[in-house]
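**Q** Sequence plus the predicted model coming up.
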Amino acid sequence: HVVFDRITFNFKKASLQHEHARGVAFKKKAFGEGSERLAHQFFEIHDDGVTVVGGPLVAKESRFISENSDWQDRDVFAQQFCKIQQTARNIAMEFNKKLDTIKSLDPQTPRISFLDCSVYYLSNTKRED
């Protein structure tokens with residue numbers, strides 16, 4: 001598991017997000033489809049291989065990177081995706097600051113946010129269901 005560093009725009013190695021997580025699982029069937037990516041439910045799991053720990057996550061899979069692609073292609077794709085995600089996050093923060101200056105705006109008006117970008121490298125060592 002690696003996380004995208006917002007300052008250097010590079011990946012840095014990280015442990016799983018939840019302290020009791022020992023692996024990950026995702027649903028094969030996508031719950032969302034866009035023109036470039038598929039979105040799958042994704043979870044960190046306990047060492048029993050079944051119990052979900054932590055909150056639900058979203059795994060995004062490119063339509064343009066095949067399962068047979070080498071890791072360098074996948075890394076380039078992931079890094080580009082995370083750069084775009086970080087740029088969107090920065091723009092959203094500026095937009096939210098602007099909203100905060102509008103005195104006539106209802107304070108309950110929702111704000112825009114983006115999650116931090118993480119990359120999980122998976123190997124199929126367990127069950128397929």
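**A** Cool, the structure landed. Since the model is a prediction, treat every value here as computed from it, not as a measurement.
**Q** so residue 47 touches residue 18, yeah?
**A** No: using C-beta atoms under 8 Å, residue 47 makes no contact with residue 18, being 11.9 Å away. The C-beta positions use only the backbone N, C-alpha and C, and glycine is treated the same way.
**Q** Look at the two and report which has more neighbours.
**A** When residue 47 and residue 18 are compared for neighbours, residue 18 comes out ahead with 15 against 11, by other C-beta atoms under 10 Å.
**Q** for that one, what are its contacts?
**A** Neighbouring residues of residue 18 by C-beta atoms under 8 Å, 6 or more residues apart in numbering: 44, 53, 54.
**Q** now those residues: which count as buried?
**A** 44, 53 (16 or more other C-beta atoms under 10 Å).
**Q** List the ones among the contacts of residue 18 that fall in strands.
**A** When those are checked against strands (DSSP state E), the matches are 44, 53, 54.
**Q** Identify the bridge partners of the second one.
**A** So that's residue 53. According to DSSP bridges, the residues that bridge with residue 53 are residue 44.
**Q** show me the contacts for it.
**A** Taking C-beta under 8 Å, 6+ apart as the test, what residue 53 contacts is 18, 20, 21, 44, 45, 46.
**Q** Show me what the helix or strand where residue 91 lies is packed against.
**A** Element membership of residue 91, judged by DSSP states H and E, is helix 71-100. Packing partners of helix 71-100 (3 or more C-beta pairs under 8 Å, 6 or more residues apart in numbering; DSSP states H and E): strand 2-4, strand 11-13, strand 52-62.
**Q** relative to strand 52-62, how tilted is that helix?
**A** 110 degrees (axes from the mean of the first three to the mean of the last three C-alpha atoms, to 10 degrees).
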